[in-house]
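Enquirer: Quick check, what structure comes out for this input:
(chains A and B)
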Amino acid sequence: EPEVTQTPSHQVTQMGQEVILRCVPISNHLYFYWYRQILGQKVEFLVSFYNNEISEKSEIFDDQFSVERPDGSNFTLKIRSTKLEDSAMYFCASTRTSGGSSYEQYFGPGTRLTVT
Amino acid sequence: AQSVTQPDIHITVSEGASLELRCNYSYGATPYLFWYVQSPGQGLQLLLKYFSGDTLVQGIKGFEAEFKRSQSSFNLRKPSVHWSDAAEYFCAVNEEYGNKLVFGAGTILRVKS
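Expert: Residues are numbered from 1 along each chain as shown, chains lettered A, B, ... in the order given. So this is what the prediction gives:
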């Protein structure tokens, strides 16, 4: 069964450094998402992406964050200058449609980002 | 704004006992409703979803959920819990043809033998 993959599984970085989290969505999916989960807290939406542009973003997704689909398979989240509070599990998700009975967001296993 | 409430942070049940995890949502129209499960160190796996029609939906691993519009609830149930069901369970909602999922805070299920 096709699945969403994410690399790396764990990333440790120093405050102020740039990090890029990588995701490979399911191949025929068109809509892509990033969520994060700070330890002990709920999963929060960051951004959605369709047709090579951001379709929605949360207030968390400020100028420090950016997303890109550099080729036909990868979907990346970049944090320009990491802060301690960026430490979290970051999940990538994808869907084939934007609604309807077949709508389902498939999640990757996550990247645990630790900022020291 | 949409919101999801899972009032129970932790629940402990005995193996073989029945389970009900509560979920209440706040949304004006009929939402799309989901239950996800997260095992330690793992991603989010979809258990079941509700869009319309029959208000009792069946999912994987023997789980079911019932949509009650009058109570704005979408509670998850399982008649007999197995030790492997120990995990964290998240209820989520999104608007029809919307983009993002809004998650509840999660309920951690512990199963005692």
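
Enquirer: Please count neighbours and contacts with C-alpha atoms only from this point.
Expert: Fine.

Enquirer: Show the contacting residues for A:Leu113.
Expert: Taking C-alpha atoms under 8 Å, 6 or more residues apart in numbering or on different chains, we find A:Leu113 in contact with A:10-13, A:86-90.

Enquirer: Restricted to helices, list the residues you listed.
Expert: Residues of the contacts of A:Leu113 located in helices (DSSP state H): none.

Enquirer: Most neighbours out of the residues you listed, which is it?
Expert: Ranked by neighbour count (other C-alpha atoms under 10 Å in any protein chain shown), these have A:Tyr90 at the top, with 27 neighbours.

Enquirer: so who does that residue touch?
Expert: A:Tyr90 neighbours (C-alpha under 8 Å, 6+ apart): A:34-37, A:110-113.

Enquirer: what's the answer for A:Asn28, then?
Expert: Contacts of A:Asn28 by C-alpha under 8 Å, 6+ apart are A:Arg96.

Enquirer: now swap in B:Tyr50 and tell me
Expert: Contacts of B:Tyr50 by C-alpha under 8 Å, 6+ apart are B:32-34, B:57, B:67.

Enquirer: For the residue of chain B found nearest chain A, which non-adjacent residue is spatially closest?
Expert: When scored by C-alpha to the nearest C-alpha, chain B has B:Gly43 as its residue closest to chain A, at 3.8 Å. Nearest in space to B:Gly43, with sequence neighbours left out and distances taken as C-alpha to C-alpha, 6 or more residues apart in numbering or on different chains, is A:Pro109 at 3.8 Å.

Enquirer: For the chain, which residue occupies the most central location?
Expert: Here I'm looking at chain A. A:Trp34 (2.9 Å; C-alpha atoms, centre = their mean).

Enquirer: I was after chain B.
Expert: B:Trp35 (3.6 Å).

Enquirer: Run through the bridge partners of it.
Expert: B:Leu48, B:Cys91 (DSSP bridges).

Enquirer: Output the set of residues of chain A in proximity to chain B.
Expert: A:33, A:41-45, A:47-48, A:56, A:91, A:98-101, A:106-110 (C-alpha under 8 Å from any C-alpha of the partner chain).

Enquirer: Give me the subset of these lying in strands.
Expert: Among the residues of chain A next to chain B, the residues falling in strands (DSSP state E) are A:33, A:43-45, A:47-48, A:56, A:91, A:106-107.

Enquirer: Pretty sure the residue nearest to B:Gly43 sits against A:Phe91.
Expert: Yes. Shown here, A:Pro109 and A:Phe91 form a contact pair, counting by C-alpha atoms under 8 Å, at 6.8 Å.

Enquirer: what sits in contact with each of these two?
Expert: Common neighbours of A:Pro109 and A:Phe91 (C-alpha under 8 Å, 6+ apart) are B:Gly43.

Enquirer: So the two - more neighbours on which side?
Expert: Looking at A:Pro109 and A:Phe91 with other C-alpha under 10 Å, you find the greater number of neighbours at A:Phe91, namely 27 against 24.

Enquirer: contacting residues for the more buried one?
Expert: Applying C-alpha under 8 Å, 6+ apart, the residues near A:Phe91 are A:34-37, A:107-111, B:43.

Enquirer: Please give me every residue in contact with A:Thr7.
Expert: A:21-23, A:111.

Enquirer: which phi and psi does it have?
Expert: The phi and psi values for A:Thr7, taken as degrees, to the nearest 10, are phi -140, psi 150.

Enquirer: For it, give the beta-bridge partners.
Expert: Bridge pairing for A:Thr7 - DSSP bridges - gives A:Arg22.

Enquirer: quick one: it from A:Phe61, how far?
Expert: 20 Å (C-alpha to C-alpha, to the nearest Å).
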